[in-house]
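In: Could you look at this predicted model? Sequence included:
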Amino acid sequence: MEITEVRVFPKEGADKKLKAYVTVTFDSCFVVRNIKIIDGKDHVFIAMPSKKLRFACQQCHYKNETESRFCNKCGTALPLVREEDLERTADAKLQHRDIAHPITKDFREYVQARVLEAYHRESGLFQRPSVVSMMDR
């Protein structure tokens, strides 16, 4: 599977760690949106698209965020979270689940290298999303 296009959408605003969102097209037939470019402590890296976990109210089945104490629809008190679960849900990684992600280390490194290559090449363009076609390489 080859990356055929990378679109970089630079992020402006107060969040200094989130540098851009990226859309990657594979074999000109499959797209993954909302890959994030994050400026970490030691290096820039990518974070795969994810969604925030939600839990259903036992009364009305409305899906509430993990840290909610009361249902946002019916107001029913949600079950208390055990202390060890509270520590786990305080971790942002456990509040989100990847929607799409590479299975192997080699493929993850391949995707990250191509995405960061496009980001570094296009990092000066903040007016509009940039498009880098891997077919032109």
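Out: Looks like it arrived, so ask away. Because the structure is a prediction, the values reported are computed rather than measured. Numbers count the residues shown, from 1 in each chain.
In: With Thr104 as the reference, measure out to the most centrally placed residue in the chain.
Out: Nearest to the centroid of the C-alpha atoms of the chain, with distances taken as Cα atoms, centre = their mean, sits Pro49, at 3.1 Å. Applying Cβ to Cβ, to the nearest Å, the value for Pro49 to Thr104 is 18 Å. Yep, even glycine has a C-beta here, placed from its N, CA and C like the rest.
In: quick one, what contacts the residue nearest to the centre of the chain?
Out: Val32, Arg33, Asn34, Ile35, Lys36, Asp98, Ile99, Ala100 (Cβ atoms under 8 Å, 6 or more residues apart in numbering).
In: change it to 10 Å
Out: By Cβ atoms under 10 Å, 6 or more residues apart in numbering, the contact set of Pro49 is 21-23, 32-36, 96, 98-101.
In: Adding pLDDT, secondary structure and distance to Val115 as columns, could you present those residues in CSV?
Out: Below are those laid out as CSV (pLDDT from 0 to 100; DSSP: H, G, I helix; E, B strand; the rest coil; distance: Cβ to Cβ, whole Å):
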residue, pLDDT, secondary structure, distance to Val115
Tyr21, 93, strand, 11
Val22, 96, strand, 5
Thr23, 96, strand, 10
Val32, 95, strand, 10
Arg33, 94, strand, 12
Asn34, 93, strand, 12
Ile35, 95, strand, 6
Lys36, 94, strand, 10
His96, 73, strand, 19
Asp98, 81, strand, 15
Ile99, 83, coil, 16
Ala100, 87, coil, 13
His101, 88, coil, 13
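In: List just the nearest of these to Gly75.
Out: Nearest to Gly75 among these, counting by Cβ to Cβ, is His96 at 26.0 Å.
In: Name the SS class of the residue nearest to Tyr21 when sequence neighbours are not counted, please.
Out: Excluding the flanking residues, the one nearest Tyr21 by Cβ to Cβ, 6 or more residues apart in numbering is Phe9, at 4.5 Å. Here Phe9 is recorded as strand under DSSP: H, G, I helix; E, B strand; the rest coil.
In: Sweet, I'm off.
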